[in-house]
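**Student:** Have a look; sequence and predicted model below, questions after that.
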Amino acid sequence: MENIIEVKDVIKSYNGFKLDINSLNIPKGNIVGLIGENGAGKTTLLKAILGIIKTDSGNINVIDNKDIGIVLDDSFFPEILQVKDIDAIMKKVYDNWDRELFYNYLKEFNLKKNKAIKNLSKGMKKKLEIATALSHHPKLLILDEPTSGLDPLMRSEVLDLFLKFIEDENNSILLSTHITSDLEHIADKIVFINKGKIILDISRDDLMDNYGILKCSKEDFENIDNKDIIAYRKNRYGYAILIDDKKKMEKKYKNCIIDRITVDDLMILILKGEKK
Amino acid sequence: MIGFIKKDLCTLKGSFKIYAVIFVIYIIMAFQGEMNISGLPTFFSSVLILTSFSYDSYNNWDSYAVCLPNGRKNAVRAKYLANIVLCLIVSVILTIISSIISYMTTNTVVIGDIVKPIIIVNFVTFLFQAIMFPIIYKLGIEKARVIIFLVIMLIALMGGAFLKYVNFNYLGNAYNILKEYWLILVISSSFIILFISYIISQRIYQKKEF
C-alpha cells in the first residue's frame, strides 16, 4: 500500500523533551489516530510533519502542502477577522479553493459569515477551522485535536464528514485526539506515543479482534502466566489484565472474563499498569 | 502571497476606522496651519504594521501560515509589501490633501515642495522598518518592542552627532553631487535598505520554529 506520509529516524530535542520516531507510515486511504497523554509528543510529531518545527535528524516525506488540510491544536486565525474574510484570504492562498463548498460547510455548521472570529465559541472556531481545512479539496488532513470543544452531536457530524472524506481512497487523515472513543469509530490504525516514542502502532481491527481486558480474582491472577500479561492493574473487584490474544486466553483461562478493549483502557493499562 | 497581504489588510480593517478619525483630526489641524502632516505615512504604516504583527503573535498565525503553500516565503514577503502599499497609499492621500491645503491657503500648488518632504519621511519610515522587521522576526513582537526603541534611540543619537560634527564643506565636489541627486539617492537607498532587511528577515523566518 502506498504511503502518504513516511517518517524515518526522526529526532527532535528541545526543552528537555526528545521526539524519537524510528518509523511511521501513514498509508493512503487510511485514518490514523495518534494517542498519548499530554506532553507525549503528538503535537510535536504533527508539527514536524507539517514543517512548523525543524527536526534535528531523519527524513519526513509528505505530499505537497497545497494538498494538505490543517487543523492545529490552538486557534490560529486572527480573531479580529470575520468568518467571510477566511474565504477572501484562502481563495488567494489555494489555487483550488472551493468557495461554494466553504459556504456550504458554514451553513452546515451554522456559522454566520459576518460574525467576528473573536465572538465564536471554542467549538465554533474549531468548526470554522475544519471547514477551511476541507474547502480546498485536500488529499490529506492533518488534524490536531479536531473535535475538542465540540458537543457530542457536532462531534458525530464531524466524524461523519471525515468518513465521507475518506470514501475517496486517495484521501487520508492523520489526527491526534484525547477523545479516544472517536478513534474506535473511524480510525483504521492507532499509533500510541509515549515520552516521544511510538510504543504501539496497530490496526484498529487487530486491536479490537485480539486485544482485551481479562478480569479475574486474586487467586486466578496468581495462576496466570507472566508472558500472557502485557500489563495489569489491581482494582477493588480483582485484577484487570491487558492481553493481546483474546481467543487463546479464553481457552486457557476459562474462569476469567474477557471484556472488549477500548482505546482508553489500552492507554491507561499501558501507562499506569504494572508488569508481573 | 496576495492572500497573505489580504489577511493583513483584513486584520487591520477594524483599526482603519480609528486611524481614519486620527487622520481627519490631523488634516483639520493642518488646514489651520498648526500641524505639519508629512510624518503621517511613518506614523500610520508603522503603527498598523506593528498591530498586524501583534495580531499574528496573539493568534499563533505564523504556525498556520508556514503550513500553507509557499507559506514561509510568502508570509515575510507579504508583510514587507503590505507595508510599502500602506506607505504609498498614505503618501498619495497626503499629497492630494496637502495640495488642496496649499491651494486653499496660498492659491498655488508646488508639487515638488509637497512631495519632497513626504519622500524624505518615507525614507525615514523604510529605514526604521528595515531595522524593525528583522528584530521582530528574530525576537517576536513583545521582546522586539524594547529593542526597537533602544536601536532607534541609538540611530537618532548617532545621526544627530553626525550632523553636528561632520563638516560637509570637506566633502567638496561630492557634496554638490549629493545636493544635485539627493532625491534619487534617497529613493533608491531606501528601497535597497528595505531589500537587504527583507533578505535578513527571510533568512530568520526560514529557520524559525513555531
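**Tutor:** Now that the structure is in, tell me what you want to look at.
**Student:** going forward, measure contacts and count neighbours with C-alpha atoms only.
**Tutor:** Fine.
**Student:** For the stretch 1-150 of chain A, what lies in contact range of chain B?
**Tutor:** Proximity of the stretch 1-150 of chain A to chain B, by C-alpha under 8 Å from any C-alpha of the partner chain, involves residues A:50-54, A:64-66, A:70, A:72, A:74-81, A:85, A:88-94.
**Student:** Kindly recompute the last result at 6 Å.
**Tutor:** Within the stretch 1-150 of chain A, the positions lying close to chain B (C-alpha under 6 Å from any C-alpha of the partner chain) are A:50, A:52-53, A:65-66, A:76, A:78, A:80-81, A:89, A:92-93.
**Student:** Just the terminal-to-terminal distance for stretch A:33-53.
**Tutor:** Chord length of stretch A:33-53, first to last residue, is 21 Å (C-alpha to C-alpha, to the nearest Å).
**Student:** Give me the buried positions along it.
**Tutor:** Neighbour-count burial for stretch A:33-53, counted by 16 or more other C-alpha atoms under 10 Å in any protein chain shown, picks out A:33-37, A:40-53.
**Student:** which residue ranges form the strands in the stretch 51-200 of chain A?
**Tutor:** Across the stretch 51-200 of chain A, reading from the start of the chain, the strands by DSSP state E, counting those that start in this stretch fall at A:57-62, A:68-71, A:140-144, A:172-176, A:189-194, A:197-203.
**Student:** could you give the angle of the fourth one to strand A:140-144?
**Tutor:** Pointing back at strand A:172-176 there. Compare the direction of strand A:172-176 with that of strand A:140-144 by axes from the mean of the first three to the mean of the last three C-alpha atoms, to 10 degrees and you get 10 degrees.
**Student:** and strand A:172-176, which residues are buried?
**Tutor:** Under the neighbour-count criterion of 16+ other C-alpha under 10 Å, strand A:172-176 has A:172-176 buried.
**Student:** can you put the residues of the stretch 1-150 of chain A next to chain B in CSV and add pLDDT?
**Tutor:** Rendered in CSV, the data for these read as follows (pLDDT from 0 to 100):
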residue, pLDDT
A:Leu50, 96
A:Ile52, 95
A:Ile53, 94
A:Asn65, 91
A:Lys66, 93
A:Phe76, 87
A:Pro78, 89
A:Ile80, 90
A:Leu81, 92
A:Ile89, 95
A:Lys92, 94
A:Val93, 95
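**Student:** The most centrally placed residue in chain B: what's it in contact with?
**Tutor:** In chain B, the C-alpha closest to the average C-alpha coordinate belongs to B:Thr125, at a distance of 3.5 Å (C-alpha atoms, centre = their mean). When the contact criterion is C-alpha atoms under 6 Å, 6 or more residues apart in numbering or on different chains, the partners of B:Thr125 are B:Thr42.
**Student:** and it, backbone torsions?
**Tutor:** phi -60, psi -50 (degrees, to the nearest 10).
**Student:** Residue 150: neighbour count?
**Tutor:** Since you didn't name a chain, this refers to chain A. The local packing of A:Leu150 (other C-alpha atoms under 10 Å in any protein chain shown) involves 18 other residues.
**Student:** that's the wrong chain, I meant chain B
**Tutor:** B:Leu150 sits with 12 neighbouring residues when counted by other C-alpha under 10 Å.
**Student:** related to what we said a few turns ago, would you list the buried residues of strand A:172-176 in TSV and tack on pLDDT and distance to B:Leu68?
**Tutor:** Formatted as TSV, the entries for these read as follows, by pLDDT from 0 to 100; distance: C-alpha to C-alpha, whole Å:
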residue	pLDDT	distance to B:Leu68
A:Ser172	96	18
A:Ile173	97	17
A:Leu174	97	17
A:Leu175	95	18
A:Ser176	95	20
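**Student:** Can you lay out the residues you listed as JSON lines showing distance to chain B?
**Tutor:** What follows is the buried residues of strand A:172-176, written out as JSON lines (distance: C-alpha to the nearest C-alpha, whole Å):
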{"residue": "A:Ser172", "distance to chain B": "17"}
{"residue": "A:Ile173", "distance to chain B": "16"}
{"residue": "A:Leu174", "distance to chain B": "15"}
{"residue": "A:Leu175", "distance to chain B": "16"}
{"residue": "A:Ser176", "distance to chain B": "17"}
